[in-house]
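Engineer: take a look and give me a structure for this.
(chains A and B)
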Amino acid sequence: MADNNTHLTAAQLTKKIAARDISSTEVVSACLERIRSVDGRLKAFVTVTEAGALAQAKSVDEKIARGEMVGALAGIPVAIKDNLMIRGVRTTCSSKILENYVAPYDATVIEKLAAAGAVFLGKTNLDEFAMGSSTENSALQTTRNPWNTDHIPGGSSGGSAAAVAARMAPLALGSDTGGSIRQPAACCGVVGFKPTYGRVSRYGLVAFASSLDQIGPFARTVEDCALLLKVIAGHDRRDSTSADVPVPDYPARLAESIKGLKVGLPKEYFIEGLDKNVAAAVAAAVTKLEGLGADVREISLPHTGSAVAVYYIIAPSEASSNLARYDGVKYGFRAASGNLLEEYEKTRGQGFGPEVKRRIMLGTYALSAGYYDAYYGKAQKVRTLIRRDFEKAFETVDIIVTPTAPTPAFRLGEKVSDPLQMYLSDIFTISCNLAGLPGVSLPCGFSPGGLPIGMQILGRPFDEETVLRAAHQYEQSTEWHARYPNV
Amino acid sequence: MKITNKEVEYVARLARLELTDEEKEKYTGQLEHILGYIGQLNQLDTAQVPPTSHVLPLANVWREDVARPLSPEDVERLLANAPDRDDNFFRVKKVIE
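Structural biologist: Sure, this is the predicted structure:
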């Protein structure tokens, strides 16, 4: 009975908890039991907040017993990527430099989740400072793909994706700077949603690349993603880049038909090098969308091929600036040394891992005197061209459908020695961040080896509703979301 | 784009990163490789294209500059993360001789 609860979606669990069919304590205990039994192998969590979770669950159960009003996610367990702050809980960013850092305040998304009655199970592993596509850049541990433990879970939110896929949590939060929610969702066979830039407050998210970072949900169904997104979305005066745009009731219109919805397939995404199983799965999904009444047509996003190059100037440049704060003075690791300059250099040299140092070097180079216009300035201009491609496309289509990643999850260790190859695994997800669009990845098939394949749907800025509705309609016409990895 | 060991040392100094000789050699090759790939952007004519620093049409977002008092618990939470402290201060190396 307890283990069966871990199969249920958040939407099902909220109804059962509100009706007092099951208690939040039972649901949370089942997740904690599941973590104890499988996470020794998968290593999705870096911190499990068992005592806090049980206390939160008890408080929700007591409120329900007293007949008090409870929030939209009352008693529902959520796993949180370890670059989001929960007051009093260690927030490591999977980095040695923050290994012992205890968050002094709550992120806005954490405040909103707590107000909605959600229960925090713990903090999930990531590529150090969210820089990577496989979670292998974590300085703390290596997370494995629940479908095949020789393979990566994707990254950088690999811990959150693996936790949801392996039913350790029905919901999780991640962050997405160049695909860090959507690519691991594809690798782990779950739904991962990156909202429009500005839709969700970044207050309390440890900054990586501030013009690209966005927090978003993981779940096993689109409906659950919509539920979680509704709770975390909205304007926040503590994040000056959060948008003052009304938040629709995301779950409300999922059931509406997509008949006549105009779907664009960008020809630049269906290219040589795309795994043939991925191509076939996405093609079959497109046929399914047509069967649901969608009007599918080919479109062109001519600057797609430049996206990775633009991203690997802009993201490292912003990162090199954001990560200047790790100086060993107010928090984090300090390598004591002779004078202040040496102390900075040793602290950062020893505290950061190889990928973070590589990106700081790349960003510092791109911003340095004499190179700024040639690299950073050029990348900002090409970013405009990429945005214009989408603006033009969205004059004729409502959503854009692509593969999420060019291949299913690759093997652990396969790309660690070649950074550029690793960067190219984000080739289909990066443009969405550069243009600030909403995008989702959801399961659309499996490789012959049993690894999940993800389809990406992109929408107009602040039109999360249409993306979610198309994703939900497709999902409900398939059975991919009903499959579970055998762990 | 040729990157030299000297340039890597210069950039590492700007970024306040101590690198081992092995790291310097590794990053020299990798930066050259990555910047070589990024060089493809030079094939695009962007003379008439404005830059995008940010996707939202936001200019300056103002608020009143009001000091909010912190509770002693909050002060302690902030200072508890300090590598070295003295009472309610962060302890650092002397910067002025």
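Engineer: quick one, what contacts residue A:147?
Structural biologist: Residue A:147 sits next to A:165, A:188, A:189, A:409, A:450, A:451, A:452, A:485 when contact means C-beta atoms under 8 Å, 6 or more residues apart in numbering or on different chains. Heads up, the C-betas are built off the backbone N, CA and C, glycines and all.
Engineer: could you report the pLDDT at residue 64?
Structural biologist: With no chain named, the answer covers chain A. Per-residue confidence (pLDDT) for residue A:64: 96.
Engineer: could you do chain B instead?
Structural biologist: 89.
Engineer: between the contacts of residue A:147, which sits nearest chain B?
Structural biologist: residue A:409 (23.6 Å; C-beta to the nearest C-beta).
Engineer: so the closest one, which of the three states?
Structural biologist: coil (DSSP: H, G, I helix; E, B strand; the rest coil).
Engineer: do I have it right that it meets residue A:146?
Structural biologist: No - contact between residue A:409 and residue A:146 fails when scored by C-beta atoms under 8 Å: they sit 10.3 Å apart.
Engineer: report the closest residue of the stretch 51-200 of chain A relative to chain B.
Structural biologist: residue A:104 (3.8 Å).
Engineer: next one, pLDDT for that residue please.
Structural biologist: 96.
Engineer: what's the helix or strand for it?
Structural biologist: Following DSSP states H and E, there is no helix or strand that holds residue A:104.
Engineer: so which residues of chain B form helices?
Structural biologist: B:5-14, B:21-38, B:72-79 (DSSP state H).
Engineer: how about the contacts made by residue 28?
Structural biologist: Since you didn't name a chain, this refers to chain A. Per C-beta under 8 Å, 6+ apart, neighbours of residue A:28: A:53, A:54, A:56, A:57, A:75, A:77, A:119, A:121.
Engineer: oops, I was thinking of chain B
Structural biologist: Per C-beta under 8 Å, 6+ apart, neighbours of residue B:28: B:3, B:4, B:5, B:7, B:8.
Engineer: so what's the fourth one up against?
Structural biologist: Pointing back at residue B:7 there. Here residue B:7 is in contact with A:365, B:28 (C-beta under 8 Å, 6+ apart).
Engineer: number of nearby residues for residue A:10?
Structural biologist: Residue A:10: 26 surrounding residues under other C-beta atoms under 10 Å in any protein chain shown.
Engineer: nope, residue A:66 is what I meant
Structural biologist: 7.
Engineer: quick one: it from residue A:60, how far?
Structural biologist: Using C-beta to C-beta, to the nearest Å, residue A:66 is found at 11 Å from residue A:60.
Engineer: got it, and residue A:429?
Structural biologist: 35 Å.
Engineer: again with residue A:254
Structural biologist: From residue A:254 to residue A:60 the distance is 25 Å (C-beta to C-beta).
Engineer: neighbour count for the two, which is higher?
Structural biologist: residue A:60 (25 against 19).
Engineer: surely that one is in a helix?
Structural biologist: Yes - assessed with three-state DSSP, residue A:60 lies in a helix.
Engineer: who touches the residue in the stretch 151-300 of chain A that chain B sits nearest to in this structure?
Structural biologist: Using C-beta to the nearest C-beta, the single residue of the stretch 151-300 of chain A nearest to chain B is residue A:240, 3.9 Å away. Counting by C-beta under 8 Å, 6+ apart, residue A:240 touches B:58, B:61.
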